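Undergrad: Quick one: sequence plus predicted model below, questions after.
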Amino acid sequence: MARIIGGVGCSHIPSVGAAMDNGKTQEPYWKPLFDGYEPAREWMRKANPDVVIVVYNDHAAAFDISLTPMFTIGAAPEFLPADEGYGRRKVPNVRGYPELASHLIESLVFDEFDINTALEMDVDHGLTVPLSVMYGQPREWPCRVIPLAVNVVKYPQPLGRRCYKLGKAIRKAVDEFDEDLTVAIFGTGGMSHQLQGERAGLVNPDFDKAFLDDLSGDVARLTNIGHVEYMREAGSEGIELIMWLVMRGALDDKVHEVYRHYHVPASNTGAGLIILENDQ
Ligand code: DHB
Ligand code: FE
């Protein structure tokens, strides 16, 4: 049977991808951030999952802002890095897993989550940057990927509580998939950041650290954070953190933290990385 071996929370900052693509990771601005990624990459090499479910959001690259589906799973055999205005990132194409994706979609719809099926979908920095953070710069990504895109950009976004429940339904679906596979799940985006408006540049390390603590401490507090609290405490893009709750929901009730790295500033964001494993 398939089983989930761990969860990763990871910011998806475009300039972190660009720093790697342009050979800048050893420059003084970037080195402390990238040094902190090394133990996570070591965990990833050892864990070596067959499949990674990447919960991310599209930033108006695949979906025009006029049409923003709530939850979309990519069921294609391959996904190309999106052209976000400067050409496609020169990273490997992302290999999908149509059989597992179709199983997930069916199981989730029967569990009353109305998931859209994408048969063609370019994947933007929200998905490719966390792959780069966790795997470095391989010629091919060493795993197959199931993209799960969540609307966090157009009001009303789903509640964190809903995302957590979606994670639980994903867990059930993976457990029921009749193939011997190891699966990791990434929740991406966050942590606190606001990219525009009066409070552009807002980062709230106290909020971010408490969020990291409560992923293994008090998940109920996190699932009760509402849109206004995200906006107030974590800035207008802080709501991306609801995607970490999908990841958290797919793990056991009791988890332990394997690794964390938190760094400010990285571009405009409190850059967070956490690895969680089930206690058993
Ligand atoms: C930044 C962070 C994001 O999550 C994003 O989608 C775009 C930009 C940033 O910090 O620059
Ligand atoms: Fe983002």
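TA: Yes, it's here. Ligands and ions are numbered 1, 2, ... in the order given.

Undergrad: what residue lies at the spatial centre of this structure?
TA: residue 188 (2.2 Å; C-alpha atoms, centre = their mean).

Undergrad: mind listing the strands for the stretch 151-280 of the chain?
TA: Taking DSSP state E, counting those that start in this stretch as the criterion, the stretch 151-280 of the chain carries its strands at 182-188, 255-266, 269-278.

Undergrad: Which one, of the ones you listed, ends up nearest to ligand 1?
TA: For ligand 1, the closest of the strands of the stretch 151-280 of the chain is strand 269-278, at 3.5 Å, according to C-beta to the nearest ligand atom. (Each C-beta comes from the backbone N, C-alpha and C, glycine too.)

Undergrad: Pull up the pairing partners for the closest one, direction included.
TA: Taking DSSP bridges as the criterion, strand 269-278 forms sheet pairs with strand 3-10 (antiparallel), strand 255-266 (antiparallel).

Undergrad: Please name the residues that touch the residue nearest to residue 60 when sequence neighbours are not counted.
TA: Nearest non-adjacent residue to residue 60, counting by C-beta to C-beta, 6 or more residues apart in numbering: residue 153, 6.9 Å away. Going by C-beta atoms under 8 Å, 6 or more residues apart in numbering, residue 153 touches 57-60, 65, 68.

Undergrad: check contacts around residue 233.
TA: Contacts of residue 233 by C-beta under 8 Å, 6+ apart are 192, 204, 207.

Undergrad: Please enumerate the helices of this structure.
TA: With DSSP state H as the criterion, the chain has helices at 14-21, 31-35, 38-47, 98-110, 125-135, 160-175, 205-216, 219-223, 227-234, 242-249.

Undergrad: Kindly spell out which helices and strands sit in contact with the last one.
TA: I take that to be helix 242-249. Counting by 3 or more C-beta pairs under 8 Å, 6 or more residues apart in numbering; DSSP states H and E, the packing neighbours recorded for helix 242-249 are strand 3-10, strand 51-56, strand 144-150, helix 160-175, strand 182-188, helix 205-216, helix 219-223.

Undergrad: any chance of these in TSV, with distance to ligand 1 too?
TA: TSV is the format used below for the helices and strands packed on helix 242-249 (distance: least, C-beta to the nearest ligand atom, whole Å):
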stretch	distance to ligand 1
strand 3-10	11
strand 51-56	9
strand 144-150	13
helix 160-175	16
strand 182-188	8
helix 205-216	13
helix 219-223	18
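
Undergrad: among these, which is nearest residue 78?
TA: When the helices and strands packed on helix 242-249 are compared by C-beta to C-beta, strand 144-150 sits nearest residue 78, at 9.8 Å.

Undergrad: Next, count neighbours for residue 199.
TA: Neighbourhood size, residue 199 [other C-beta atoms under 10 Å]: 11.
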